[in-house]
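> model this:
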Amino acid sequence: MNSVAGAGALIRLALRRDRVRLPVWILVSAAMMAAAAAATADVYPTDEARRAAVASINAVPALVALYGPVAEPTAGAAAVFKLTAFGAALVALLTALTVVRHTRAEEESGHWELVRGAATGRHAGLAAGGALLAVTALGLGAGAAAGLVAARLPPGGSLAFGLGWAGTGLVFGALAALAAQVARSGRAASEIAVLALVVAYLLRAVGDATGPRWLSWLSPVGWVSLLRPFAGDRWWVLALPLGAALLLGSAAFAVSRHRDLGAGLLAVRPGATRAGRLLSGPAGLAWRLDRGAVGYWTLAFAVLGLVVGNLSGSLGTFFATAQARQLIAALGGEQALTDAFLAAEFGVSGVLVSALAIVLVGRLRAEESSGRAAAVLAGPVARARLAGGAVSVAVAATAAPLLAAAVTAGLTGGGSRLIGAAVVQLPGVWVLTGVALVVFGVFPRAGWLSWAALAVFLVLGEFGPLFHAPGWVLGISPFAHLPHVPGGIIDIGPLLWLTAVAALLGGAGFAAFGRRDLTA
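Prediction:
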């Protein structure tokens, strides 16, 4: 039988499953780019203002490390400044998680075993995942290009930018496909892809900000900037992501030939003959299952803290000019020099750590769909206790990455005051944890709603001020109500009512889970 027989039917099935998610992502991509271009035109109405702003940005390693350099002081290059590397990383995350969801997660759930019972080739599922990857990456890139063209930016640069996004998505989607063959679970495959994305972003940040420049060429996230959209359009750079995606995809198919269905390339170590006391309850079990993810995230944020702490020392000269202060205000930052930068970065870190909370709560859905939750509930374990174990681990574990970033950033001179900057983010993270629990309790098959909420909060925080969004829109995000620390006054009121909101959401999620039937 042809090894990809039946792939067409699986592609149609995958597209049907993502019939809502994919169009929404594409529309958001187009709207975000159009709004960014329009907002930039208002902030920098003249060529002189734009040249001064670009010179100020490129003179600050901290900003270059976060968002990448601005190649030329053109309207298009200034418009995509904050969305070049940052947006490419978001596209990479979406494509990687999509590929894992349609490959290893399907295999882990047993769906592929049923499909393979029909006239389906060995690699049909992987081929379908690759086809969906191409549709997703190219769709997001096309949406971005369309948004820029709608904002009356040059079509050539818009197309180059969109293809740069798509290329980054293809690379990390192909990497996720390879990870899905190496790892034995969808969760482990996702962790490998996310860890690779973090490393790539850090490589680009160091290469762009301090050098050596060749580090940026090693990072697929950095290839979008090196493509120079709206600043010469180096079309030949697109060969890098295309070649890398083809190599990684070919490696994924090659590895899949040497493993059994349901197995991974990495051997699974046998466990202990007897369970320890920690595994006597749902909370201990949840920690045992999630400790690897918590460790990876903590390590990544410790490295991020070192980078942020070192870069914060370069802000003094940048803030010395009136033009620089105007730029920071336009980008939504504070005016308190280094403290404002650190407060902004810990604010973004809080939003990102919310992704870990969603992943940890999502473990409940994985346990339910696999049937393992039913086996646990068949014993003397109530539903509230089962869900409470996962939620307690999520609430406690999300503090670890933030504290790690605070400690490592403090080593460069921030001191213990950065602990407060980390702690004040937790009520916002807990609100996202409550949202994820409500989604699990009410819409167990629509886990993407939690990720959509996270994406909305992230976009509002990063780009809301740039888009001149009204205050009530910015206030949708719980992170908009948190104190700006360090440098600001800690108002305990928002922290208390956000914690109360998180508790109410958690209670609603527990109640909904207790009333509904278990689903596959």
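> can you tell me the closest non-neighbouring residue to Gly139?
Across the structure, with C-beta to C-beta, 6 or more residues apart in numbering as the measure, the residue nearest Gly139 apart from its sequence neighbours is Ile26 (4.8 Å). All C-beta spots, glycine's among them, are computed from the backbone N, C-alpha and C.
> try Ala183
Of all residues not flanking Ala183 in the chain, Ala189 sits nearest, at 4.3 Å (C-beta to C-beta, 6+ apart).
> need the three-state assignment for the one you found.
Using DSSP: H, G, I helix; E, B strand; the rest coil as the criterion, the local structure at Ala189 reads helix.
> how much space between it and Ala399?
To Ala399, Ala189 is 26 Å away according to C-beta to C-beta, to the nearest Å.
> now Ala119: how far from Ala38?
52 Å.
> of Ala189 and Ala399, which one has the most company?
Comparing Ala189 with Ala399 by neighbour count (other C-beta atoms under 10 Å), the higher total belongs to Ala189, at 29 against 16.
> quick one, phi/psi of the residue nearest to Gly139?
For Ile26, the backbone dihedrals (degrees, to the nearest 10) come out as phi -70, psi -40.
> do Arg257 as well
Arg257 has phi and psi values of phi -70, psi -20 when expressed as degrees, to the nearest 10.
> how many other residues sit next to it?
10.
> contacts only, for it.
Remark: with contacts taken as C-beta atoms under 8 Å, 6 or more residues apart in numbering, Arg257 is in contact with Arg122.
> more neighbours: Ala119 and Ala38, which one.
Neighbours were tallied for Ala119 and for Ala38 using other C-beta under 10 Å; the higher tally belongs to Ala38 (16 against 12).
> quick check: phi and psi at the nearest residue to that one once chain neighbours are set aside.
With sequence-adjacent residues excluded and distances taken as C-beta to C-beta, 6+ apart, Ala38 is closest to Ala151, at 5.5 Å. Geometry field for Ala151 lists phi and psi as phi -90, psi 10, criterion degrees, to the nearest 10.
> hang on, isn't Ala151 packed against Ala37?
Yes. Taking C-beta atoms under 8 Å as the definition, Ala151 is a contact partner of Ala37 at 3.4 Å.
> one step back: measure the residue nearest to Ala38 to Gly157 for me?
Ala151 sits 11 Å away from Gly157, going by C-beta to C-beta.
> of the two, who's got more company?
More crowded of Ala151 and Gly157, by other C-beta under 10 Å: Gly157, with 25 against 21.
> how about that one, secondary structure?
Here Gly157 is recorded as helix under three-state DSSP.
> Thr84 reaches Ser225, doesn't it?
Yes. Taking C-beta under 8 Å as the definition, Thr84 is a contact partner of Ser225 at 5.4 Å.
> which neighbours do those two share?
Applying C-beta under 8 Å, 6+ apart, one finds that Thr84 and Ser225 are jointly contacted by Gly68.
> secondary structure element for Gln181?
Remark: Gln181 resides in helix 155-182, with elements defined by DSSP states H and E.
> who does that helix touch, helix- and strand-wise?
Counting contacts by 3 or more C-beta pairs under 8 Å, 6 or more residues apart in numbering; DSSP states H and E, helix 155-182 packs against helix 75-79, helix 85-102, helix 104-109, helix 124-150, helix 186-209, helix 223-226, helix 239-256.
> and those helices: which comes nearest Val431?
Distances from Val431 to each of the helices and strands packed on helix 155-182 were compared using C-beta to C-beta; the minimum, 20.8 Å, belongs to helix 85-102.
> now the closest one: buried residues?
Within helix 85-102, the residues that qualify as buried are 85-102, counting by 16 or more other C-beta atoms under 10 Å.
> tell me how many other residues crowd the residue nearest to Gly139.
By other C-beta under 10 Å, neighbour count at Ile26 equals 21.
> go on, Val199?
Other residues within reach of Val199, judged by other C-beta under 10 Å, total 15.
> before we move on, what about Gly139?
Other residues near Gly139 number 18, with proximity taken as other C-beta under 10 Å.
> check contacts around it.
The neighbours of Gly139, taking C-beta under 8 Å, 6+ apart as the test, are 22, 25-26.
> relative to Leu248, how far out is it?
Gly139 sits at a distance of 20 Å from Leu248 (criterion: C-beta to C-beta).
> re earlier: between Thr84 and Ser225, which is the more surrounded one?
For the pair Thr84 and Ser225, the greater number of neighbours falls to Ser225 (28 against 24), based on other C-beta under 10 Å.
> any idea how far the more buried one is from Ser450?
Shown here: Ser225 relative to Ser450, a distance of 31 Å by C-beta to C-beta.
> Val431 now?
Going from Val431 to Ser450 by C-beta to C-beta gives 11 Å.
> again with Ala283
Taking C-beta to C-beta as the criterion, Ala283 is separated from Ser450 by 21 Å.
> neighbour count for those two, which is higher?
More crowded of Ala283 and Ser450, by other C-beta under 10 Å: Ser450, with 26 against 19.
> that one contacts Leu356, correct?
No. In terms of C-beta under 8 Å, Ser450 does not count as a neighbour of Leu356; the distance is 12.0 Å.
> which residues are common contacts for these two?
Between them, Ser450 and Leu356 share no neighbouring residue, with contact defined by C-beta under 8 Å, 6+ apart.
> related to what we said a few turns ago, let's have the contacts of Gly139 in a markdown table, adding pLDDT and distance to Ile476.
As requested, the contacts of Gly139 are exported to a markdown table (pLDDT from 0 to 100; distance: C-beta to C-beta, whole Å):
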| residue | pLDDT | distance to Ile476 |
| --- | --- | --- |
| Leu22 | 90 | 24 |
| Trp25 | 87 | 19 |
| Ile26 | 91 | 22 |
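> got CSV for the residues you listed, with distance to Asp339 too?
What follows is the contacts of Gly139, written out as CSV (distance: C-beta to C-beta, whole Å):
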residue, distance to Asp339
Leu22, 41
Trp25, 35
Ile26, 38
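> that concludes my questions; thank you for your assistance.
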